[in-house]
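In: please work out how this folds:
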Amino acid sequence: MKATLLLPALAGLALAQAPSSSPTSWTPEFSMQFKTVSSVLPSPDGSKVVWAQTQSWMDSDHSEMLTHLFIAHADGSHRMQLTRGDKSAMSPTFSPDGATIYFLSPRSGKMNVYRIAIAGGEAEMLTDFKGSLDSYRLSPDGKTIAFSGYEPPPDEEKNKKEKRDYRVVDANPENHSIYVIPAEANADGKRPQRKLTDGKRHVNGFSWSPDSSRVAFSHQATPVADSWTGSEVTEIDVASGAVKFNSPQHTFGGSPVYSRDGRYLAFPKSTTEPPHWAFDATIALVTRSSGEVRMLPATSDSQPSLIGFSGDRLLYIENKGTRDAIFEMPVDGPPRVFFEPSKGVIANGGTMLNASGNYIGMPMESTDEAPEAYVMPVASKSPVRVSRANVDLPKLALGKTEAIKWKSKDGLEIEGLLTYPVNYEAGKKYPLILNIHGGPTGVFEETFIGRSGLYPIAVFAARGYAVLRPNPRGSGGYGKTFRFANYNDWGGKDYDDDQTGVDRVIQMGIADPDRLAIMGWSYGGFMTSWTVTQTHRFKAAVVGAGISNLWSFTGTSDVAGFIPDYFGGEPWQQFDSFQKHSPITFVKNVTTPTLVLHGESDIRVPTSQGYEFYHSLKREGVIAKMVTYPRQPHGPQEPKFVLDIMQRHLDWVDKYVR
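Out: Numbers count the residues shown, from 1 in each chain. Purely as a prediction, here's the structure:
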């Protein structure tokens, strides 16, 4: 791995510098210079915008992501960096008067809530939470801060020191509770902390009522990912703690949202009992005065992500094929498109409505434009760029990316993204990489191909590769029926969807059928390992955190109900089906040189899944290599490791394909 790095220095921080000469071609190191943008929030009056920018920090002692807050006027002028230092600042919130910004930071050694005046000065720490603080919300009147977190029992450290820290599985879950403190200190300079929920269930997300008297929150039995299917929504009175409303079971996690007049409470609710892992939700609307719950009309993808109310309409984001859009849902329906960018995508997690409901902040990007922060008046629907996170980086040639469609073996139309090699010449055949997404309900969208990540698409294109990223049946963005179409059939028709996509690119005269590679992470890793057991057409394969054995995965993963949901029963009930759809069953067929990559702290797809496939390949005499990454969960996070993974993908396909 090459020495780093990459980033403009922040004040008071000795970050490594970018190369003195401008790069002439895409490399993994250059991709790591691009920043991501999130939490774009307009001020209550819409005159200013705050957002978070995240960048890689790599030197001899560091390999981490660093996030800081920036602020500008709504026209993009008077832009400045608001927070600095070697500890991140994130999750900004404006005070009701717009003069102060609240945020989260671990600068005290633990995550806590801070605030800083826009006019300048030092940030003030408001909470002094000794446990793990997850999220916070400032009340609409600005008087109270609510936050969720977990406080360990007082004897935990003592037990660790005395080597008595055994763990009873499934006992004493680390459930997050809601706490409240006053925003202003009392006469003694203190902010007394009060616990609002009892910790018997785990809080996922919460919101304040418009009059600051109640909090509505989603919760599940434990923090374990498998518990989401029992989620509920409850509303409590902040002063007394009395429960005012409790939803029917099987809601989806996240924060419920209140209408601006306080009449309604909205949240996504499963339409199936019990819920399925492929997700099928509609929006539940509660009339708070009566407690009546009614279901609003179905959305196009049955996966609405709520933003908030603007007037009497509820705004939400959903995928729309390789794009996405903001939709509006009147309280009496039906839904309709509110805003769809002319190109590219809106980042779901960073889109926010201001306190007045008349401005939207959102990160946007496209295949050839890096992420930036935008603000948009609800009335005009005309976004204005306010950030310069990536504008000043060198503009290197990018391979063209376009959405293409093809028919699978059974006639179903499939869509995917095809990236052409840089300086593509019609009539010339190029090596092709088939890159498969995770999920399986993930979806490849028209995001910036030069961003840092496990798969350096821009670098592949610069090296002369074409890249196909299909959205086979089971993907999000194409409606419920399509998303559920791979139930009981992993490695069946979804495999056909991928392979007919490769056939289509060959028919287009772009791909050389003798120079094909395949790679993917998570479900994409499963499909990669499955594919090389079914065909010899690929000359190289990279399996990232892939499931190789459905039986052992179900017994060791933190989502023990995941595969049984997709295959209609437990392994001992669907023995033949689990065997039929496990790549390990057919490993004797593999001839493709295969690289296996896995995080050592992956509890979603345990590292043992990678070892099973790797050891089996070795015993069968197949060229194989395995690399593991210490401390890394299911999605690697440390930038030095991300950089290494990008380079290994390149090196492996260069060696066996190019």
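In: biggest helix in this protein by residues?
Out: helix 639-656 (DSSP state H).
In: first to last residue in stretch 569-577, what's the distance?
Out: In terms of CA to CA, to the nearest Å, the two terminal residues of stretch 569-577 are separated by 10 Å.
In: contact partners of it?
Out: Residues from elsewhere that reach stretch 569-577, judged by CB atoms under 8 Å, 6 or more residues apart in numbering: Asn488, Leu550, Trp551, Thr554, Gly555, Ile563, Pro564, Phe567, Gly568, Phe578. In this view, the C-beta of every residue, glycine as well, is placed from N, C-alpha and C.
In: for those residues, could you give me JSON lines that also reports pLDDT and neighbour count?
Out: As requested, those are arranged in JSON lines below (pLDDT from 0 to 100; neighbours: other CB atoms under 10 Å):
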{"residue": "Asn488", "pLDDT": "96", "neighbour count": "13"}
{"residue": "Leu550", "pLDDT": "97", "neighbour count": "27"}
{"residue": "Trp551", "pLDDT": "96", "neighbour count": "17"}
{"residue": "Thr554", "pLDDT": "97", "neighbour count": "19"}
{"residue": "Gly555", "pLDDT": "96", "neighbour count": "11"}
{"residue": "Ile563", "pLDDT": "97", "neighbour count": "24"}
{"residue": "Pro564", "pLDDT": "97", "neighbour count": "18"}
{"residue": "Phe567", "pLDDT": "97", "neighbour count": "21"}
{"residue": "Gly568", "pLDDT": "96", "neighbour count": "11"}
{"residue": "Phe578", "pLDDT": "97", "neighbour count": "23"}
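In: can you pick out the most distant pair from these?
Out: Asn488 and Gly555 (19.9 Å; CB to CB).
In: shouldn't Glu620 be in contact with Val587?
Out: Yes. Counting by CB atoms under 8 Å, Val587 is a contact partner of Glu620 at 6.3 Å.
In: neighbour count winner among the two?
Out: Val587 (21 against 13; other CB atoms under 10 Å).
In: can you pull the phi/psi pair for the residue lying closest to Trp490 once chain neighbours are set aside?
Out: Leaving aside its chain neighbours, Trp490 sits nearest to His581 (4.9 Å; criterion: CB to CB, 6 or more residues apart in numbering). Backbone torsions for His581, taken as degrees, to the nearest 10, come to phi -110, psi 10.
In: quick one: His581 from Thr628, how far?
Out: Distance, His581 to Thr628, by CB to CB, to the nearest Å: 25 Å.
In: settle it for me: which of these two has more neighbours?
Out: Taking other CB under 10 Å, His581 and Thr628 do not tie; His581 has more neighbours (21 against 16).
In: where does the residue nearest the centre of the chain land in three-state SS?
Out: Nearest residue to the geometric centre of the chain (CA atoms, centre = their mean): Gly349, 7.4 Å. Following DSSP: H, G, I helix; E, B strand; the rest coil, the label given to Gly349 is helix.
In: quick one, what contacts Ala540?
Out: Ala517, Ile518, Thr592, Pro593, Thr594, Leu595, Trp652, Val653, Lys655, Tyr656, Val657.
In: okay, among the residues you listed, which ones form the most distant pair?
Out: Using CB to CB, the contacts of Ala540 span at most 14.8 Å, a distance reached by Ile518 and Lys655.
In: which of the two has more neighbours?
Out: Neighbour count, other CB under 10 Å: between Ile518 and Lys655, Ile518 has more, with 29 against 13.
In: what's the helix or strand for that one?
Out: strand 511-521 (DSSP states H and E).
In: can you show me the CA trace of the helix or strand following that strand as PDB?
Out: From strand 511-521 onward toward the C-terminus, using DSSP H and E, the following helix or strand is helix 523-534. C-alpha atoms of helix 523-534 as PDB (Å, rounded to 0.1, in the frame of the first residue of the first chain):
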ATOM      1  CA  TYR A 523     -24.900 -10.400  -0.700                       C
ATOM      2  CA  GLY A 524     -22.700  -9.300  -3.600                       C
ATOM      3  CA  GLY A 525     -20.000 -11.500  -2.000                       C
ATOM      4  CA  PHE A 526     -22.500 -14.400  -1.800                       C
ATOM      5  CA  MET A 527     -23.400 -13.900  -5.500                       C
ATOM      6  CA  THR A 528     -19.700 -13.800  -6.400                       C
ATOM      7  CA  SER A 529     -18.900 -17.000  -4.600                       C
ATOM      8  CA  TRP A 530     -22.100 -18.600  -6.000                       C
ATOM      9  CA  THR A 531     -21.300 -17.500  -9.600                       C
ATOM     10  CA  VAL A 532     -17.800 -19.100  -9.700                       C
ATOM     11  CA  THR A 533     -19.400 -22.400  -8.600                       C
ATOM     12  CA  GLN A 534     -21.800 -22.200 -11.600                       C
END
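In: what pLDDT, on average, does helix 523-534 get?
Out: For helix 523-534, the mean pLDDT works out to 98.
In: what angle separates it from strand 511-521?
Out: If you take axes from the mean of the first three to the mean of the last three CA atoms, to 10 degrees, helix 523-534 sits at 130 degrees to strand 511-521.
In: below-threshold pLDDT in the stretch 351-500 of the chain: ranges please.
Out: For the stretch 351-500 of the chain, applying pLDDT under 70 flags no range at all.
In: before we move on, what SS does Ala379 have?
Out: Ala379, by the three-state scheme (three-state DSSP), is coil.
In: His219 now?
Out: The assignment at His219 comes out as strand when based on three-state DSSP.
In: how close does it get to Gly254?
Out: Relative to Gly254, and taking CB to CB, His219 is found at 11 Å.
In: find residues that contact each of those two.
Out: Shared contacts of His219 and Gly254, counting by CB under 8 Å, 6+ apart, come down to Asn204.
In: of the two, who's got more company?
Out: Counted by other CB under 10 Å, His219 and Gly254 do not tie: His219 has more neighbours, with 26 against 17.
In: show the pLDDT at the more buried one.
Out: We have a pLDDT of 93 for His219.
In: contact partners for the residue lying closest to it once chain neighbours are set aside?
Out: Once flanking residues are discounted, His219 sits nearest to Arg201: 4.3 Å by CB to CB, 6+ apart. Counting by CB under 8 Å, 6+ apart, Arg201 touches Asn175, His219, Gln220, Ala221, Glu232.
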